[in-house]
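**Q** 3D model of this:
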Amino acid sequence: MRQLTPNGWRNLLTLFVADEEEMRPALMKPFEQCGYVCASDMHILIRVAKKYITDDYSTTAKTPDVSRLFSANIPTFKISISELRKAFTILGMDYDTTTIDCIECDNDCEVEWKYTDRDGDEHSKWAECPCCNGTGRVPNGADKYCEIGSNLVCAYFVLLLYRTMMELEVDEAKVTTGSKSPLMFNIGDGIDIVVMPCILDKYSSKLRAPIKMTKL
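**A** From the prediction side, this is the model:
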């Protein structure tokens, strides 16, 4: 596993934090907890042992106790970076970028709103795109899904897993699965990612791709 520079860890952890539209301001930056530096947007969570990181991420803000999300069970499967790439290819995703142009505003950052009053007159105005919050960019794969065992996972979160493995030069991640419980991926000693699966019935008709796992 490759050790990152302080700036490398900053860039990696920033991928997992909540944006300014989230309801938990404390999650808009990484935080220290129980010997780890953690980052989460409440759907995906990474923790990195403090021994790897020199920056100070201590905080006085109230952060959620994330320790209960990490399973004590022994991993039973492994997943390879090549299998992740295969799934992204099936989904038509460019796995070298975490964001893509917003298809709702076509990267213009604004959309046209229309309103018809009681006299039947139509009014319109241009305003900030609600889908990208006026940035012109959206998460890559947010509307696509990957099948991991019996779990369905947003492809964007799988992409973050892939980016982490690429940054750390790790070819395989160990996987701990469970029915209706978070998926845990062990990237290396003291580095784990937890992802919340989706509800199968709700997203059954969405574009999806299987990811092959191998028993340990």
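**Q** what about the protein, any weak spots by pLDDT?
**A** Residue ranges of the chain with pLDDT under 70: 21-23, 178-180, 200-205.
**Q** Would you tell me which helix is longest in it?
**A** helix 155-167 (DSSP state H).
**Q** Toward the C-terminus from that one, list the very next helix or strand.
**A** Downstream of helix 155-167, the first helix or strand assigned by DSSP states H and E is strand 172-176.
**Q** From residue 14, how far off is residue 133?
**A** Residue 133 sits 17 Å away from residue 14, going by Cβ to Cβ, to the nearest Å. Backbone N, C-alpha and C define where each C-beta goes, glycine included.
**Q** For stretch 93-112, buried residues please.
**A** 93, 95, 98, 102, 105, 109, 111 (16 or more other Cβ atoms under 10 Å).
**Q** who's in contact with it?
**A** Identification of contacts with stretch 93-112 by Cβ atoms under 8 Å, 6 or more residues apart in numbering yields 15, 84-85, 88, 124-132, 134-141, 144, 155-156, 159-160, 162-163.
**Q** what's the first-to-last distance across it?
**A** End-to-end distance of stretch 93-112 (Cα to Cα, to the nearest Å): 28 Å.
**Q** can you tell me which residues contact the spatially most central residue of the chain?
**A** Nearest residue to the geometric centre of the chain (Cα atoms, centre = their mean): residue 157, 3.2 Å. By Cβ under 8 Å, 6+ apart, the residues touching residue 157 are 43, 44, 195.
**Q** Could you point out which of those residues is nearest to residue 173?
**A** Of all the contacts of residue 157, residue 173 sits closest to residue 195, with 11.3 Å by Cβ to Cβ.
**Q** Please verify my assumption that the closest one contacts residue 176.
**A** No. Look at residue 195 against residue 176 with Cβ atoms under 8 Å: they stay out of range, at 11.2 Å.
**Q** between these two, what contacts are shared?
**A** Counting by Cβ under 8 Å, 6+ apart, the shared contacts of residue 195 and residue 176 are 183, 185.
**Q** Redo the buried residues of stretch 93-112 as JSON lines? Include distance to residue 68.
**A** Formatted as JSON lines, these follow (distance: Cβ to Cβ, whole Å):
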{"residue": "93", "distance to residue 68": "32"}
{"residue": "95", "distance to residue 68": "31"}
{"residue": "98", "distance to residue 68": "28"}
{"residue": "102", "distance to residue 68": "35"}
{"residue": "105", "distance to residue 68": "39"}
{"residue": "109", "distance to residue 68": "39"}
{"residue": "111", "distance to residue 68": "41"}
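**Q** from these, which ones fall inside strands?
**A** residue 111 (DSSP state E).
**Q** Distance of the residue with the largest distance to the centre of the chain relative to residue 79?
**A** Centroid-distance maximum for the chain: residue 119 at 46.7 Å, with Cα atoms, centre = their mean. Using Cβ to Cβ, residue 119 is found at 60 Å from residue 79.
**Q** what's the answer for residue 116, then?
**A** 51 Å.
**Q** between these two, which one's more packed in?
**A** When residue 116 and residue 79 are compared for neighbours, residue 79 comes out ahead with 23 against 10, by other Cβ atoms under 10 Å.
**Q** The more buried one: what secondary structure?
**A** Look at residue 79: counting by DSSP: H, G, I helix; E, B strand; the rest coil, its state is strand.
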